[in-house]
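# Give me the fold of what follows.
(one chain, ligands or ions: 1)
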Amino acid sequence: MDDQENATIPIISSKNNGVGVGGDKFLRDTIINIFMAGGDTTSVAFTWFFYLLVKYPQVTAKIREELDAILITQSNYKDDDFVKNFSDNNKKLVYLHAALCESLRMYPPLLFNHKTSVKSDVLPSGHKVGPNTEIYFDMYAMGRMKSLWGDDCNEFKPERWITKQGNFKLEPSNKLLAFGAGPRICQGRSMTFIQMKIVIAAIIPKYDIVAVEGHQVVPDVSIVLQMKHGFKVKIVRRPSIPLHDS
Ligand code: HEM
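The predicted structure follows:
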């Protein structure tokens, strides 16, 4: 097949004249959705997560310990082996999963969300709501409410997500609201965790992240919780780790 032929092949099928599942329009909208909804949200989640790791070195150490146990035995620190065995590896990443949830609790990438009532209703809290009423909720504030998370709600503590038996403690999605809840919950929730774990497993065991001295971390409050001046760091190779560049 030559280049000319290649160029005429449609990237996605024209099934159903582009309408409905599998049609061009459906696929185009899905791809746009993924780029629009999964771009800034994920990058901001990474920024705050790395910030927390620098601030809480004891958490970084525990994440390393968990990753080391997998990487040393299975792949000898080759990133692609970690990805190939992701499904099995993922089951062992209880502490990392807890740390990611804890980071999303304290720094939800989307600060606000709202829902509109179709008709009159009474909320579980007892509040009455009229028809066509917009209800806004503040995910940042909810992540730091003592009544929801306890007196230590301002501490970054992945342990709160782990049971005494060492399993992950599932919280309802309407408590950790970073991804929303209900029928319109974020479709990229699982993909976000997969992406983040793969990137973290490639960086944390091999490199130290060191914050640039004097750099000020200032939240930039808009719909997406950016850092106003970004998070400036130095990435330093850890000498004790066997490195494979493949
Ligand atoms: C840290 C990363 C992310 C966060 C914090 C996040 C958060 C959210 C939130 C709060 C909503 C609204 C849910 C609601 O109104 O109840 C949403 C919707 C959505 N998200 Fe995400 N998201 C993230 C990553 C992604 C990724 C990676 C994708 C795609 C691959 C994605 C795709 C979507 C889509 C398609 C919707 C619309 C769902 C619907 O209306 O039915 N998101 N997300």
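# residues in contact with the most centrally placed residue in the chain?
In the chain, the C-alpha closest to the average C-alpha coordinate belongs to Thr192, at a distance of 4.6 Å (Cα atoms, centre = their mean). Thr192 makes contact with Gly38, Thr41, Thr42, Ala45, Phe179, Cys186, according to Cβ atoms under 8 Å, 6 or more residues apart in numbering. Where you see a C-beta, it was placed from the backbone N, CA and C, and this is true even at glycine.
# can you check Val59 too?
If a contact means Cβ under 8 Å, 6+ apart, then Val59 has Leu52, Leu53, Ala99, Phe156, Pro158 as its contacts.
# where are the low-confidence patches of this structure?
Counting by pLDDT under 70, the chain contains low-confidence residues at 1-22, 73-79, 240-246.
# Residue numbers of it in contact with the ligand?
Applying Cβ under 6 Å from any ligand atom, one finds that the chain approaches the ligand through 33-34, 37-38, 41-42, 45, 109-110, 113, 178-182, 184-188, 191-192.
# Recalculate using a threshold of 8 Å.
Taking Cβ under 8 Å from any ligand atom as the test, the list of the chain residues beside the ligand reads 30, 33-34, 37-39, 41-42, 44-45, 104, 108-110, 113, 115, 139, 177-189, 191-192, 195-196.
# Could you pick out the buried ones from the residues you listed?
With neighbours counted by 16 or more other Cβ atoms under 10 Å, the residues of the chain next to the ligand contain buried members at 38, 41-42, 44-45, 104, 108-110, 113, 139, 177-181, 186, 188, 192, 196.
# For Ile31, the count of nearby residues, please.
12 (other Cβ atoms under 10 Å).
# Next: Leu170.
Counted by other Cβ under 10 Å, the residues lying close to Leu170 total 10.
# secondary structure class for it?
Under the three-state scheme (DSSP: H, G, I helix; E, B strand; the rest coil), Leu170 adopts coil.
# contacting residues for it?
Contacts of Leu170 were listed using Cβ under 8 Å, 6+ apart, and none were found.
# So which of the residues of the chain next to the ligand belong to helices?
The subset of these located in helices under the criterion DSSP state H comprises 30, 33-34, 37-38, 41-42, 44-45, 104, 139, 189, 191-192, 195-196.
# Next, the buried residues of stretch 57-76.
Result for stretch 57-76 [16+ other Cβ under 10 Å]: buried residues Val59, Thr60, Lys62, Ile63, Arg64, Glu66, Leu67, Ile70, Leu71, Gln74, Ser75.
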